[in-house]
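Undergrad: Here is the input, now give the coordinates:
(one chain, ligands or ions: 1)
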Amino acid sequence: MSNKNSADMHRSEQRPEFWALSMRCCQLAGTVDICFFFIFLWLGSPILAWINVISVGMYVWAYRAFRDRRNRLAIMLIRTEVLVHAALGTVLVGWDSGFHYFLLMFIPALFATMRQRSAWTLAVCLWGYYVGLYVLMWFIEPLQPISPNALLSVNIFNFTTVFLMFAYLTMYYVVTVTRAHRRLARMATTDPLTGLFNRRHMVDLTEKLLAREQRQQGKLTLMLMDLDHFKDINDQYGHELGDRVLQRVALLLRDQAREQDFVGRWGGEEFLVVLPETDPEQALVAAERIRAAVQALDWTDLKPGLQVTLCAGISQLNDRESFSSAIARADRALYRGKAHGRNRVEQARLGDAGLGLAEQPV
Ligand SMILES: Nc1nc2c(ncn2[C@@H]2O[C@H](COP(=O)(O)OP(=O)(O)OP(=O)(O)O)[C@@H](O)[C@H]2O)c(=O)[nH]1
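TA: Predicted structure coming up:
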């Protein structure tokens, strides 16, 4: 494949929404031209009617070119059609027909598809073309004049169409930007493998919650969990199966959590659940329930005989304690569970203060 072709392909892959919108515009513009065909036949201007048949043909061609990823050809066809159609319509029927409004549709299209410099250059050329057409119509009479009433109707039809197209394009743009914004926000806050909140977002959420809870003297408890011997699962059955295990455990955690809890993936095979308005005893019960549910998970569809367990460490945030300090205490408790044979839930003790294994910079 030539460099030019691959650059073309790359561009078309880059802006799928734009090409989809361009195809939609071909359909809309083709439909408008079919309407014009009948309007001009009715007004007794067969030349203008047949110009619209050519236009419809060009839009069909451009649509097929977009579908075949020949975007350059498609854009060239659309530009030619609009420029020539606007000029012919104006020269044949007069400036008051309003065919020149369609030229304005180029302005957003130029800036949406090109680098700023090229867009400005073409916008200035377009302005010159527009002014040239206007000045020309000062000096010549329309070649195929129609009655004043017909001229008024064509003008109203033209600006109504342009109004609707601008409204549609703006709406499409807003919807596309909003969707992209949501997608980015989701990517920035969630872990792609499990769909749970990622570590950074868990920190942000908990810090915010903490500020509020400390003002209201609320109770906040952390539950840090780590799968047991996960390395062995990976080594024995492969990384892909390991990923499926993480996903299934994540799903279980989400199912078990209450609406107000935050569930996140804290690290490789570590999960964190933040439980607002919960004391350690309640958290202990919840963690036991989760531990037992993970142990009872049925893995026969993935690997018959596979057994997955986890350890959990519980810590409640003390007055004015930082989030990272409470995490460190939960981590200490968790590793006590590991040391005591795994598949256990442990509560942080007073002596658990200090840096733990999970106390990486957050
Ligand atoms: N499949 C998979 N494995 C991961 C992922 N992230 C981390 N791991 C693996 O998780 C394993 C964690 O191993 P260790 O830290 O030794 O812990 P462990 O084997 O669970 O042992 P204990 O925690 O002491 O019970 C490593 O082998 C990592 O490669 C992941 O996204 N997918």
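
Undergrad: contacts and neighbour counts: CA atoms only from here.
TA: OK.

Undergrad: what sits against residue 99?
TA: Neighbouring residues of residue 99 by Cα atoms under 8 Å, 6 or more residues apart in numbering: 85, 86, 87, 89, 90, 155, 158.

Undergrad: Could you pick out the buried ones from those?
TA: The neighbour count (16 or more other Cα atoms under 10 Å) marks 85, 86, 87, 89, 90, 155, 158 as buried among these.

Undergrad: from those residues, which ones fall inside helices?
TA: Of the positions in those, 85, 86, 87, 89, 90, 155, 158 sit in helices, assigned by DSSP state H.

Undergrad: Adding distance to residue 114 and pLDDT, write the buried ones among the contacts of residue 99 out as CSV.
TA: Compiled in CSV, these are given as follows (distance: Cα to Cα, whole Å; pLDDT from 0 to 100):
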residue, distance to residue 114, pLDDT
85, 23, 92
86, 22, 94
87, 24, 95
89, 28, 92
90, 28, 95
155, 31, 94
158, 27, 92
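
Undergrad: Report the buried residues of stretch 74-85.
TA: Across stretch 74-85, burial judged by 16+ other Cα under 10 Å covers 74, 75, 77, 78, 81, 82, 83, 85.

Undergrad: residues in contact with the last one?
TA: Residue 85 makes contact with 51, 55, 99, according to Cα under 8 Å, 6+ apart.

Undergrad: Give me the subset of the residues you listed that lies in helices.
TA: Per DSSP H, the subset of these in helices is 51, 55.

Undergrad: And the contacts of residue 85, which is closest to residue 264?
TA: Proximity of the contacts of residue 85 to residue 264 (Cα to Cα) peaks at residue 55, which lies at 55.9 Å.

Undergrad: Could you check how far that closest one is from the ligand?
TA: Noted for residue 55: a distance of 55 Å to the ligand, by Cα to the nearest ligand atom, to the nearest Å.

Undergrad: okay, now that residue: neighbour count?
TA: A count of neighbours around residue 55, defined by other Cα atoms under 10 Å, yields 24.

Undergrad: If you drop the residues flanking it in sequence, what lies closest to it?
TA: Distances taken as Cα to Cα, 6 or more residues apart in numbering place residue 81 nearest to residue 55, at 6.3 Å, with adjacent residues excluded.

Undergrad: And for residue 247?
TA: In space, and not counting its chain neighbours, residue 247 is closest to residue 194: 4.9 Å by Cα to Cα, 6+ apart.

Undergrad: Retrieve the pLDDT associated with the one you found.
TA: Reading off the confidence values, residue 194 has pLDDT 97.

Undergrad: unless I'm mixing things up, it is touching residue 246, no?
TA: Yes - counting by Cα atoms under 8 Å, residue 194 does reach residue 246; the two are 6.8 Å apart.

Undergrad: Dump the buried ones among the contacts of residue 99 into TSV; add distance to the ligand as well.
TA: Formatted as TSV, the buried ones among the contacts of residue 99 follow (distance: Cα to the nearest ligand atom, whole Å):
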residue	distance to the ligand
85	58
86	58
87	61
89	63
90	64
155	62
158	57
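
Undergrad: Flag every residue of the stretch 151-300 of the chain that's near the ligand.
TA: Within the stretch 151-300 of the chain, the positions near the ligand by Cα under 6 Å from any ligand atom are 227-232, 234, 239-240, 242-243, 268-269.

Undergrad: again, 5 Å this time
TA: By Cα under 5 Å from any ligand atom, the residues of the stretch 151-300 of the chain that approach the ligand are 228, 229, 230, 231, 239, 242, 243, 268.

Undergrad: Now for the first one: which residues touch it?
TA: For residue 228, the contact set (Cα under 8 Å, 6+ apart) comprises 308, 309, 310, 311, 338, 342, 343.

Undergrad: In ChimeraX, how would I select the buried members of those?
TA: ChimeraX command restricting the contacts of residue 228 to the buried ones, with burial defined by 16+ other Cα under 10 Å:
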select :308,309,310,311,338,342,343
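
Undergrad: Out of the contacts of residue 228, list just those in helices.
TA: Secondary structure from DSSP H places residue 338 of these in helices.

Undergrad: From the contacts of residue 228, pick the one nearest residue 281.
TA: residue 311 (16.5 Å).

Undergrad: Residue 257 against residue 263, yeah?
TA: Yes - between residue 257 and residue 263 there is a contact under Cα under 8 Å: 7.4 Å.

Undergrad: Compare the two (neighbour count), which wins?
TA: Each of residue 257 and residue 263 has its neighbours counted (other Cα under 10 Å); residue 263 has more, 23 against 16.

Undergrad: Tell me where the model's unsure across the stretch 101-250 of the chain.
TA: For the stretch 101-250 of the chain, applying pLDDT under 70 flags the ranges 214-218.
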